[in-house]
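S.K.: Give me a model of this one.
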Amino acid sequence: MRETMRCAFVLLLALSCGSRAWAASPCAGQDKLAAWHLLQSKAPKDPEAQARAVEEFRAECGFYLEFWPGPKAQQSQKDDHPCGEAVIAFVKSIPSPSDPVMQSEEVFELGPSGKVIQRWWIPIDSTVAGIAGDEILITEELGPEVGIFTEAGLADRFSIQLAISPRGRFRVVPVSASAPATPFTCPSNRDLPHPSSYLGCWKFSDQRSQAERRLAYEAPCT
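M.R.: You can find the predicted model right below:
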């Protein structure tokens with residue numbers, strides 16, 4: 001099965017890049033963006049197969065995600081954002097919040113006393129969908145860019161999840177069901193973003209252990 005997915009991935013790259021796919025890396029420049037869009041428009045219908053195809057692409061070329069610009073970001077790398085500017089890039093791992101070019105946001109796990117006991121890095125404008133052991137889950141919607149506001153276009157959209165480990169390593173997985181998180185009042189903690197009207201604290205049930213996990217993170221900026 002893995003070899004079949006690998007062959008399908010290579011075929012998608014070849015279709016998107018033409019004969020150049022064999023002369024140069026399809027993960028370079030505009031070839032990569034064309035391959036990314038083609039992958040989404042030609043993705044299989046089965047959720048597990050969708051996740052495998054996107055994970056194969058992430059491992060080869062990265063996943064297209066949005067971050068805050070760092071102090072060394074070039075103006076050509078920046079795009080407009082409701083809260084200023086953002087950098088959208090293909091990444092194989094999540095950059096740190098102090099990266100000089102593109103900066104992530106943080107999710108904090110709180111212990112019983114309210115002390116920060118674990119941290120994760122996430123793309124901006126992300127909402128935590130669940131937690132499973134050392135991985136937090138965020139949901140990304142993918143699909144063809146053309147006609148997304150039509151009934152047919154919306155039907156071709158699909159969702160996957162990013163399972164993110166501490167310090168930025170992540171993988172693409174199928175969407176898994178999680179019990180709804182419940183909000184609670186954030187403790188006074190100088191390690192949390194302060195002051196921030198976007199900060200929220202939530203209780204999650206760990207998908208693996210069913211233990212209660214308490215997370216704090218900033219909601220999407222609008």
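S.K.: residues contacting the most centrally placed residue in the chain?
M.R.: The chain has residue 162 as the residue nearest its centroid, 5.2 Å off, counting by Cα atoms, centre = their mean. By Cβ atoms under 8 Å, 6 or more residues apart in numbering, the contact set of residue 162 is 63, 137-138, 140, 170-173. From N, CA and C alone the C-beta is placed, and that goes for glycine too.
S.K.: May I have the beta-bridge partners of it?
M.R.: Residue 162 has these beta-bridge partners by DSSP bridges: residue 138, residue 172.
S.K.: Show the low-confidence segments of this protein, by residue range.
M.R.: 1-26, 28-30, 145-155, 195 (pLDDT under 70).
S.K.: And the strands in it, which stretches?
M.R.: Assigned by DSSP state E, the chain shows strands spanning 63-69, 78-81, 84-91, 102-103, 105-110, 116-122, 128-132, 135-142, 158-164, 170-173, 182-184, 199-205, 212-218.
S.K.: out of these, nearest to residue 31?
M.R.: Distance to residue 31, taken as Cβ to Cβ, is lowest for strand 84-91 among the strands of the chain, at 11.3 Å.
S.K.: tell me which strands and helices the closest one is in contact with?
M.R.: With contacts defined as 3 or more Cβ pairs under 8 Å, 6 or more residues apart in numbering; DSSP states H and E, strand 84-91 has these neighbours: strand 63-69, strand 78-81, strand 102-103.
S.K.: possible to save those as CSV with mean neighbour count and distance to residue 39?
M.R.: Putting the helices and strands packed on strand 84-91 into CSV (neighbours: other Cβ atoms under 10 Å; distance: least, Cβ to Cβ, whole Å) gives the following:
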stretch, mean neighbour count, distance to residue 39
strand 63-69, 22, 10
strand 78-81, 12, 21
strand 102-103, 22, 22
